[in-house]
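**Student:** just need the structure, nothing else, for what follows:
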Amino acid sequence: HAGMIVSAFMLLGRITGFLREIVIAQIGGASQQSDVMIVFLTFPDMMISLLLGGGLMAALVPAFRSLPGGACFALFLRAGLLIGVIFSGLALVIAMFPSGALAIVAPGWTEDLVAQMTPLFCITLIALPVTAISGVVVAFLNSKERFTFGAIGTLIFNICLITALLVFVRLSPAVAVVIGILGGTALRLVVQLSATRRFWEAPDFTASYDRTGLLRRFAGSFGFFSILALLPPIARAYASLIEPGALSMFNYAYKLMELPMAIIVTAIVTVLLPRLSGHVRNADLDQAARNLGMALRAVGVLLLGVAIATIFQAETVVRIVFFGAPFTPEQFHALGVIVALGFIGLPFQGLVLLYGTAFVSYDRTGVLVLVSVMMVIVMASVGLILQSAWGVRGLMLSYVMAQMSGAAALTIWLLRITGMRPFSIALKKPFLTILLPAFVCLALSWVFRQAGFWGLPALLLSAGAFFTIHVGADPSALRSIMNRRKS
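**Tutor:** A predicted model of the protein is given here:
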């Protein structure tokens, strides 16, 4: 039930995220102007992801849950102050060498463009400490199972950014983006802080807590999620070398892939982490395995159905989402191909993120770092080769290959930790619940395409057939998910 609430707000956040991308596309299409807006927009979140990633959430949520009220609030204040100071210092350092930072994230930019955008880029850095502190606040709220205010953050940010783009675009699209970023991050933090007030109490700074365990969880999951966060920036950096607008093309496709990821995976992971950690800490390994198995089943089945149906209708989806944008027919077709390639890897990307939560909960974080490094090496090496041969399509293909390799490696390692129990739950009746729905969805999608039946109706019919067959083959799984209030 909590997952459904989180999904609803994340859906609203991603819908406004689509609106944000549509507004950017309407203003700049796929051009140098849109590239600038996207770099400004993604840089603060990229830095937070690289330096904190999911490590902050994975470390703080179990720590907050294990402490009584006063000690918990004291840790919250300490963590917020420390993170704020660190990222304020980081913003100052980057502001001293802005051209170097821009040369890393967009190496294809000319020196004149870098010089022109440097002042606005430096102003954008104010968002770094604000966004980092917001991460601490969300971890605190999630530990209290107040997931709504964390999920609503994206919605607040996107509304502010869209408003700024519409109101201030006449000044300059880049100026409008900067105003939206600063306004959105500030308002998001204020709203989330206000939600913590009911948990305020006298902080107990004398109480002890497991510093070693907290740091160990942070170090392991920090490495995994932070290294994984390198994959999209590497792709965008390579894309900037191709031609103006190529960076935007990859980013538009990536944002389309984020919608099902946010609705399905992020919602499940947000709710699963505190509960799975609690079961493992209480040595209730059977319940932990059951929860993990249900999560694996939900993520795998939902993403597989969405991916198969979307692959065949990718160009139609692109034309609907970016209707009216100043794209040429060739750009619409190219973006559709890029999106189709990206959705091939969608189920694997979902499994990688879910596995990350599972390994953190079982306190087995060392392997996460090794696998994430392997994924970055695949992305960086294969991407450089395929980018020179196939452009943005090659970059997306290398991104998919990185996700596939990571999912395969983490599956093998998780089997060694948990045994077959979670996978037996996830793969119950595999022919009727996975293979048959996938075959029917694939066949319908192919028939619709050959018959010239395009658009959302074809996509919804194909995906609907997948999920109808799955639920019909095992209706007990749906009832189990709907009836689980504690697990």
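**Student:** what about the helices in the stretch 301-450 of the chain?
**Tutor:** 314-321, 329-344, 346-361, 366-390, 392-418, 421-426, 430, 436-450 (DSSP state H, counting those that start in this stretch).
**Student:** by contact count, what packs against the second one?
**Tutor:** Contact here means 3 or more CB pairs under 8 Å, 6 or more residues apart in numbering; DSSP states H and E; on that basis helix 329-344 packs against helix 246-260, helix 285-312, helix 314-321, helix 392-418. Placement of C-beta: from N, CA and C, glycine included.
**Student:** where does the residue lying closest to Ala463 once chain neighbours are set aside land on pLDDT?
**Tutor:** Nearest non-adjacent residue to Ala463, counting by CB to CB, 6 or more residues apart in numbering: Ala309, 3.9 Å away. With respect to pLDDT, Ala309 scores 90.
**Student:** deepest-packed of the helices of the stretch 301-450 of the chain, please.
**Tutor:** Of the helices of the stretch 301-450 of the chain, the one with the most neighbours on average (mean count of other CB atoms under 10 Å) is helix 346-361, at a mean of 25.
**Student:** what's that one packed up against?
**Tutor:** helix 55-66, helix 211-228, helix 246-260, helix 267-281, helix 285-312, helix 366-390, helix 392-418.
**Student:** ok now that helix, how far from the chain's centre?
**Tutor:** Its chain's average C-alpha position is 11 Å from that of helix 346-361, according to CA atoms, centre = their mean, to the nearest Å.
**Student:** Gln33 and Ile27 touch, don't they?
**Tutor:** Yes: between Gln33 and Ile27 there is a contact at 7.2 Å, judged by CB atoms under 8 Å.
**Student:** so how far is Met249 from Glu330?
**Tutor:** According to CB to CB, to the nearest Å, Glu330 stands 11 Å off from Met249.
**Student:** again with Pro457
**Tutor:** Counting by CB to CB, the separation of Pro457 from Met249 is 27 Å.
**Student:** with neighbour numbers in mind, choose between these two.
**Tutor:** More neighbours surround Met249 than the other of Pro457 and Met249, with 27 against 11 (other CB atoms under 10 Å).
**Student:** need the contact list for the more buried one.
**Tutor:** Neighbour list for Met249: Ala30, Ala239, Gln331, Ala334, Leu335, Ile338, Val392 [criterion: CB atoms under 8 Å, 6 or more residues apart in numbering].
**Student:** circling back: and for the residue nearest to Ala463, the neighbour number?
**Tutor:** Residues lying near Ala309 (other CB under 10 Å) number 26.
**Student:** got the confidence number for the residue nearest to Leu230 when sequence neighbours are not counted?
**Tutor:** Distances taken as CB to CB, 6+ apart place Val376 nearest to Leu230, at 5.2 Å, with adjacent residues excluded. On pLDDT, Val376 comes in at 95.
**Student:** what helix or strand does Trp109 sit in?
**Tutor:** Trp109 belongs to no helix or strand when elements are defined using DSSP states H and E.
**Student:** wait, it touches Ser240, no?
**Tutor:** Yes: if you go by CB under 8 Å, Trp109 and Ser240 touch, sitting 6.4 Å apart.
**Student:** ok, back up a step: the helices and strands packed on helix 346-361 into JSON lines, with extra columns for distance to Phe439?
**Tutor:** As requested, those are arranged in JSON lines below (distance: least, CB to CB, whole Å):
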{"stretch": "helix 55-66", "distance to Phe439": "37"}
{"stretch": "helix 211-228", "distance to Phe439": "32"}
{"stretch": "helix 246-260", "distance to Phe439": "21"}
{"stretch": "helix 267-281", "distance to Phe439": "25"}
{"stretch": "helix 285-312", "distance to Phe439": "10"}
{"stretch": "helix 366-390", "distance to Phe439": "29"}
{"stretch": "helix 392-418", "distance to Phe439": "21"}
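**Student:** quick one: low-confidence ranges for the stretch 1-150 of the chain?
**Tutor:** Residues of the stretch 1-150 of the chain that meet the criterion pLDDT under 70 lie in 1-4, 6-7, 50-55.
**Student:** if we can go back for a sec, what's the closest of the contacts of Met249 to Ala74?
**Tutor:** Closest approach to Ala74 among the contacts of Met249 (CB to CB): Ala239, at 45.2 Å.
**Student:** distance of the closest one relative to Lys255?
**Tutor:** 14 Å.
**Student:** what about those two, which has more around it?
**Tutor:** More crowded of Ala239 and Lys255, by other CB under 10 Å: Ala239, with 25 against 18.
**Student:** I'd guessed the more buried one sits against Tyr252; true?
**Tutor:** No: using CB under 8 Å, Ala239 makes no contact with Tyr252, being 11.1 Å away.
**Student:** what sits in contact with each of those two?
**Tutor:** Common neighbours of Ala239 and Tyr252 are not found (criterion: CB under 8 Å, 6+ apart).
**Student:** let's have the contacts of Met249 in a markdown table, adding distance to Val105.
**Tutor:** Output for the contacts of Met249, formatted as a markdown table (distance: CB to CB, whole Å):
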| residue | distance to Val105 |
| --- | --- |
| Ala30 | 18 |
| Ala239 | 11 |
| Gln331 | 23 |
| Ala334 | 23 |
| Leu335 | 22 |
| Ile338 | 20 |
| Val392 | 17 |
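**Student:** tell me the one of the residues you listed nearest Gly70?
**Tutor:** Looking across the contacts of Met249 and measuring by CB to CB, the closest to Gly70 is Ala239, at 49.8 Å.
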